[in-house]
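Chemist: Return a 3D structure for these sequence lines:
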Amino acid sequence: MFRLRFRLLIALAAVFAACAVVNAQTASGKISGVVTDSSGSIVPGAAVDLADAGSTLAIPASLRSTHSDEMGRYAFASLPSGRYRISASLPGFETAVRSAVVVGPGRETLVDVVLVPGRQETTIVVTAPATTRPLVLETDPRAPRQPIPAHDGGDYLKAIPGFSIVRKGGTDGDPVLRGMAGSRLGVLLDGQQIFGGCGGRMDPPTAYVYPSAFDRITVVKGPQTVVYAAGTSAGTVLFQRDWHRAAGPEYSVFGSFVGGGFGRHDEMANVRAAIPSLYVQAVGTRSETGDYQDGNGRAVHSAYTRWSGSAAFGWTPSDNTLLELSLAKSDGRAAYADRAMDGTKFARDNVALKFDTRRATSFVRRIEASWYYNYVDHAMDNFSLRKPGTMFSVNN
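Modeler: Now for the predicted structure:
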């Protein structure tokens, strides 16, 4: 009798346990869906997170997160009845959120999620000097420059926005500013306007300019002023050297060297010595290259050699006054593959005297005066740098 009652109690307990399990399964629900992008394509591997949406549910940690499978499907099973929040995310997409998702007992709630491509933001850092005058640009010709330092004024200017170059062989080029060139673009060296010697502009003014020999290059775009030169409707380019009165004995040496293929090498040296009232400065440059080779290994007639030397002697009786005497000489030769003659002389001789005083009086801010002499001798022939034909030609 006892055994029969005990077995009956065990059977009743089993029945009650089964009923509890059935009730628990019936009281839970399920959330499932598919993750796609804005074009309707499935998105596998998206992270899908589940959170309570205000019904104070205790969600087990194992049910809080999942990933979409290779078909973009995801599912959360055995969820207590209540309100939930679904979020889906994937790198490259904005996070998608579905709020107030209701789960009822014994129900499967379908929640499809669409991911929208995120905004691609790229940070670009531009480093440049602050511009206070949009039509005036100042640059340091001795600052590092790509791909290599310029060997003449035109080669430097072509890297400034608005400029282009009409090539004159391998040695130089005629600068063009916003479509205008020639006499409409003024070129000044320390306040001295210079010109070329060739009517065909085989030696434009910038052919006699060695940028690294100067401290500053200023470009004035357009006819903004007639202070520097007349008729410069394109603009004015100022190659300038700075001066200051030494506080005591000063000595400085600046030099540069560039080497490249086909015998290319450029050298520049700038030496200065000063005491408070006097200074002397000497600058020397040289640029040379041989004929380059085309893709078939054939030499192209393009070698050139250029050099320049200058010296300046200055008297600085005060911090605001300068009297300077300067001398300069340069020359060169260049082979042209596209012409019947080569440039055999690019000689320039210069003598200049300059006076500059600042804060002369309470009414006069600055007084500048200069006298200078330039002599340019440019010659071309067909026999010095190449084997002549049946005729010898010379242009000067």
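
Chemist: Confirm that Gly154 sits in a helix.
Modeler: Yes - under DSSP: H, G, I helix; E, B strand; the rest coil, Gly154 falls within a helix.

Chemist: so how many other residues sit close to Met180?
Modeler: 14 (other Cβ atoms under 10 Å). For the C-beta atoms, the positions are set from N, CA and C on the backbone; glycine is no exception.

Chemist: which residues does it bridge with?
Modeler: Leu177 (DSSP bridges).

Chemist: Quick check: pLDDT value at it.
Modeler: We have a pLDDT of 91 for Met180.

Chemist: And the pLDDT at the residue most central in space within the chain?
Modeler: Note on the chain: the residue nearest the mean C-alpha position is Val126, at 7.1 Å, using Cα atoms, centre = their mean. At Val126, the pLDDT value in this model is 73.

Chemist: Thr236 and Gly222 touch, don't they?
Modeler: No - at 9.2 Å, Thr236 and Gly222 do not qualify as touching, with contact defined as Cβ atoms under 8 Å.

Chemist: Have a look at those two and say which one is more surrounded.
Modeler: Thr236 (24 against 15).

Chemist: quick one, what contacts the more buried one?
Modeler: Listed by Cβ atoms under 8 Å, 6 or more residues apart in numbering, the contact set of Thr236 reads Leu185, Gly186, Val187, Leu188, Val219, Val220, Gln224, Thr225, Tyr228, Ala229.

Chemist: Walking through the stretch 151-300 of the chain, point out its strands one by one.
Modeler: 163-168, 172-177, 185-189, 192-193, 216-221, 235-240, 250-259, 265-275, 278-289, 292-293, 299-300 (DSSP state E, counting those that start in this stretch).

Chemist: can you give me how far the second one is from the chain middle?
Modeler: This means strand 172-177. Relative to the chain's own centre, strand 172-177 is displaced by 22 Å; criterion: Cα atoms, centre = their mean, to the nearest Å.

Chemist: Also the fifth one?
Modeler: Centre-to-centre, strand 216-221 and its host chain are 19 Å apart (Cα atoms, centre = their mean).

Chemist: in that strand, what counts as buried?
Modeler: Ile217, Val219, Val220, Lys221 (16 or more other Cβ atoms under 10 Å).

Chemist: of the residues you listed, closest to His301?
Modeler: The nearest member of those to His301, counting by Cβ to Cβ, is Ile217 at 31.4 Å.

Chemist: Check the contact between the closest one and Pro141; I expect there is one.
Modeler: Yes - between Ile217 and Pro141 there is a contact at 5.3 Å, judged by Cβ under 8 Å.

Chemist: and for these two, which residues touch both?
Modeler: What both Ile217 and Pro141 touch, as defined by Cβ under 8 Å, 6+ apart, is the set Tyr156, Pro211, Phe239.
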